[in-house]
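Engineer: sequence and computational prediction follow.
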Amino acid sequence: MESEEFECIIIGAGAAGLMCAAEVGKRGKSVALLEHNETAGKKILISGGGRCNFTNLYTSPKDYVGSERHFHKYALAEYTPKDFVSLVESYKISYFEKESGQLFCAGSAKEILNMLLSECRSGEVALRYKEKEIEVVRDGDFFLVNSQKNRYRSRNLVVATGGLALTSIGASPFGHQIGQKFGHSLVTTQPGLVPFLGTDYSKLSGVSIEAEISCGGKKIRHYILFTHKGLSGPAILKISLYWAQGKLLTIDWLPGKKIAPHLKYSDRTLKSILTNFFPSRFAELIAGKVGVDWSLKLGEISNKNKEKLIEFIHRDKFNPLGTEGYRKAEVTLGGVSTSEIDPQTMQSQLQEGLFFIGEVVDVTGQLGGYNFQWAWASAYLCARSLK
Ligand SMILES: Cc1cc2nc3c(=O)[nH]c(=O)nc-3n(C[C@H](O)[C@H](O)[C@H](O)COP(=O)(O)OP(=O)(O)OC[C@H]3O[C@@H](n4cnc5c(N)ncnc54)[C@H](O)[C@@H]3O)c2cc1C
């Protein structure tokens, strides 16, 4: 079978791959975008609850984690949220700001996917679906890319296959394997933006409380949601980026306030004080944890037990059994190490013409539109630097 030749081949038609293909094509280069699914951008479609939180207006490098603290700065500065918003506005897609700079489609995530596909059409991108079992080999200055159905060759190969979250819609370790095949090191992967397993809070399932959670020096104040299996909600998803197995989390269930002065009213019951601050199911749990009958008046409760109440309310210790895994994670922490990638081009420093963009690399954004912004920015930078 004859190989088809392109100036650039991109593997993975997700957020980063679509953006990169469109930008390469619009610069007049021949480009093929290979995807093993039967359609493109499946994660875009389910993102942001079907409305795609496509960027965050306040994106800054500190909203990302990765082994190298400065790697992502250049890309984020070269392609900003404003640049993506201009593209969205040029397609007359209506959007709204939910909280702290998070932009969502007013209609549906499909509009973002359609916009990217339309950009690909403008760039005459050859979009090839159902390209399964792709293998890549080096042949002189070329990459030979063979799938079950087709053979391709190109001087430039862009790996945009994303992370490991949601294998049910196409996630695979392909990008990590290609990285390793070409000599790149891999930063250990783990699910990120993910709920935690393991508490005895199952009776509280569905209750949500604003709290401050800290782990390894990082503090997050937001809502915690009790689930059947453990803890979730934005505070938990966000702190999961800083957690590793065995690390203890500390939770202040009453951030910004002090419970101690309220425990001095000797003629009031513990129940009346606690239910003043917390949903009654949680208030009852607090009393149970400390082993105090909540119908007692505060004057009848020992100082030792009051200390225990204060300790639990402001410094509760939570040791997760684990996370709900890639099935429930929004992102993958770790990935292809950035130490061997040029931050100004996204090109491998080990193999000329090999690029890594999007979630496959060891750059992970916070909850709130930062991961798509990284996908767009790293894709744009790569497309601009391709020779
Ligand atoms: C439920 C959910 C909701 C999310 N919501 C948001 C949000 O609102 N805002 C936000 O910023 N981020 C969100 N994210 C994260 C965001 O979707 C990702 O960070 C982003 O899609 C990464 O882009 P990417 O192009 O690197 O990878 P992906 O978008 O995952 O694309 C990778 C593509 O490569 C393809 N592929 C994989 N392996 C192969 C292979 N072997 N051969 C060929 N093709 C392959 C995949 O099928 C896929 O099409 C969400 C994630 C999830 C799971």
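Structural biologist: Great, that's in hand.
Engineer: which residues touch the spatially most central residue of the chain?
Structural biologist: A centroid search over the chain (C-alpha atoms, centre = their mean) returns Val331, at 3.7 Å, as the residue closest to the centre. Contacts for Val331 (C-beta atoms under 8 Å, 6 or more residues apart in numbering) come out as 163, 165, 191-193, 359, 364-365, 371. Bear in mind the C-beta positions are built from the backbone N, C-alpha and C, glycine included.
Engineer: pLDDT score for the nearest residue to it once chain neighbours are set aside?
Structural biologist: In space, and not counting its chain neighbours, Val331 is closest to Gly192: 4.4 Å by C-beta to C-beta, 6 or more residues apart in numbering. Listed pLDDT for Gly192 reads 98.
Engineer: so what's Gly192 up against?
Structural biologist: Per C-beta under 8 Å, 6+ apart, neighbours of Gly192: 240-241, 329-333, 364.
Engineer: swap the cut-off to 10 Å and go again
Structural biologist: 65, 163, 165, 237-238, 240-243, 323, 326, 329-334, 359, 364-367, 371 (C-beta atoms under 10 Å, 6 or more residues apart in numbering).
Engineer: just checking, Ile134 touches Ser147?
Structural biologist: Yes: using C-beta atoms under 10 Å, Ile134 is in contact with Ser147, at 4.9 Å.
Engineer: these two: who's more crowded?
Structural biologist: Neighbours were counted for Ile134 and for Ser147 using other C-beta atoms under 10 Å; Ile134 has more, 21 against 17.
Engineer: for that one, what are phi and psi?
Structural biologist: phi -70, psi 140 (degrees, to the nearest 10).
Engineer: equivalent analysis for the one 3 residues further on, please.
Structural biologist: Val137 has phi and psi values of phi -130, psi 150 when expressed as degrees, to the nearest 10.
Engineer: buried ones in the longest helix belonging to the chain?
Structural biologist: Secondary structure of the chain per DSSP state H: the longest helix is helix 370-385. Going by neighbour count (16 or more other C-beta atoms under 10 Å), the buried part of helix 370-385 is 370-384.
Engineer: tell me the average confidence for it?
Structural biologist: 98.
Engineer: and that helix, how far from the chain's centre?
Structural biologist: 15 Å (C-alpha atoms, centre = their mean, to the nearest Å).
Engineer: quick one: Lys264 and Gly256, what's the gap?
Structural biologist: Relative to Gly256, Lys264 is positioned 19 Å away (C-beta to C-beta, to the nearest Å).
Engineer: who has more neighbours, the two?
Structural biologist: The neighbour comparison of Lys264 against Gly256 (other C-beta under 10 Å) goes to Lys264, with 11 against 8.
Engineer: list the residues that contact Cys20.
Structural biologist: Counted by C-beta under 10 Å, 6+ apart, Cys20 has contacts 8, 10, 12, 31, 33, 120, 125, 158, 160, 346, 355, 357-358, 375-376, 378-384, 386.
Engineer: the stretch 1-150 of the chain: helices as residue ranges?
Structural biologist: Here the stretch 1-150 of the chain has its helices, by DSSP state H, counting those that start in this stretch, at 15-26, 42-46, 73-78, 81-90, 110-122.
Engineer: quick check: which of those is nearest to Glu307?
Structural biologist: helix 73-78 (45.9 Å; C-beta to C-beta).
Engineer: mind giving me the packing neighbours of the closest one?
Structural biologist: Helices and strands touching helix 73-78, by 3 or more C-beta pairs under 10 Å, 6 or more residues apart in numbering; DSSP states H and E, are helix 370-385.
Engineer: the buried residues of helix 370-385: which ones sit near the ligand?
Structural biologist: Among these, the ones lying near the ligand by C-beta under 6 Å from any ligand atom are 370-372, 375.
Engineer: any chance of those residues in CSV, plus distance to Leu270?
Structural biologist: CSV is the format used below for these (distance: C-beta to C-beta, whole Å):
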residue, distance to Leu270
Tyr370, 42
Asn371, 44
Phe372, 47
Ala375, 50
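Engineer: could you count how many residues lie near Glu133?
Structural biologist: For Glu133, using other C-beta under 10 Å, the count is 10.
Engineer: distance of it relative to Ile286?
Structural biologist: Separation of Glu133 from Ile286 (C-beta to C-beta): 55 Å.
Engineer: what's the closest non-adjacent residue to the residue in the chain that the ligand sits nearest to?
Structural biologist: Residue of the chain nearest the ligand, by C-beta to the nearest ligand atom: Gly14 (1.7 Å). Closest residue to Gly14 apart from its sequence neighbours, by C-beta to C-beta, 6+ apart: Gly162 at 5.2 Å.
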